[in-house]
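**Student:** Please work out how this folds:
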Amino acid sequence: MLAKALLIHLDAKPGVEATVEELLLGSLPAARAETWTRAWSFLRFGRGEYAVFAAFADEQARQAHLQGPVALTLTARAGELLMKEPRFERIDILACKVPVVIPRRDDSKGLLLSFKARAGHESDVEQFLRGARLYVVEETGTTAWFAVRFEDGDYGIIDTFPDNGARFAHLTGHVPRELAKHALSLLGSMPDIHMLNVLAESFQT
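**Tutor:** This next block holds a predicted model:
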């Protein structure tokens, strides 16, 4: 069971986007060598806006990653490559689906959904997200799926897919339909949806 995660926000300086991508792509072997980092994805939101998502079994594993070569390299080169220091957002994992074997195809697409819970209904939102896993495990096109609670108390879903078709199938699947059906009772804000590109990833099975 995975319980902790990191979302590392990176804003590249204009003109060095290729260098940032090269740096993170070059960090993939180091991420794979961290057996305690159960899932690791290098994500692009848009031009110059990137993130690294990493998932762990516990706080000890998360701290080990923060003290490891990937995080230290990002911090060391921040002044050269980034508009500001990397933002390390600590996340709690409520439920997840991860591959039981290494996927045959690399993922190229991702999704980040975030929203506020309706006041007083936080436990209902968490129950909904935990229950959603039963449906997501049946989605053959969804490689990895994480229902999370962000550092600021918001909730969300982070998932990855091999292609646009698989992402679209998820977006039109059972979980989004149920979330929309219960939006008035569960949500305190309209969800923010980010369509992501997955540039690199690693899973420990």
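**Student:** quick one, longest helix in this structure?
**Tutor:** The single longest helix within the chain, with elements called by DSSP state H, is helix 122-136.
**Student:** I'd like the average pLDDT over it.
**Tutor:** Mean pLDDT, helix 122-136: 97.
**Student:** The chain should start at 590 in everything you say after this.
**Tutor:** Noted, 590 is the first residue going forward, which turns the last one into helix 711-725.
**Student:** Show me which positions of it end up buried.
**Tutor:** Across helix 711-725, burial judged by 16 or more other Cβ atoms under 10 Å covers Glu711, Val714, Glu715, Phe717, Leu718, Ala721, Arg722, Tyr724, Val725. In this view, the C-beta of every residue, glycine as well, is placed from N, C-alpha and C.
**Student:** One more: stretch 668-679?
**Tutor:** For stretch 668-679, a neighbour-count test (16+ other Cβ under 10 Å) marks Leu670, Leu671, Pro675, Phe677 as buried.
**Student:** Look up how far Leu776 lies from Ala708.
**Tutor:** The gap separating Ala708 from Leu776 is 11 Å, by Cβ to Cβ, to the nearest Å.
**Student:** out of those two, which sits in the more crowded spot?
**Tutor:** Neighbour totals were compared for Ala708 and Leu776, and Leu776 leads with 18 against 7 (other Cβ atoms under 10 Å).
**Student:** ok so, going back, redo the buried residues of stretch 668-679 as a markdown table? Include pLDDT and distance to Val659.
**Tutor:** Formatted as a markdown table, the buried residues of stretch 668-679 follow (pLDDT from 0 to 100; distance: Cβ to Cβ, whole Å):
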| residue | pLDDT | distance to Val659 |
| --- | --- | --- |
| Leu670 | 97 | 14 |
| Leu671 | 98 | 15 |
| Pro675 | 95 | 11 |
| Phe677 | 96 | 12 |
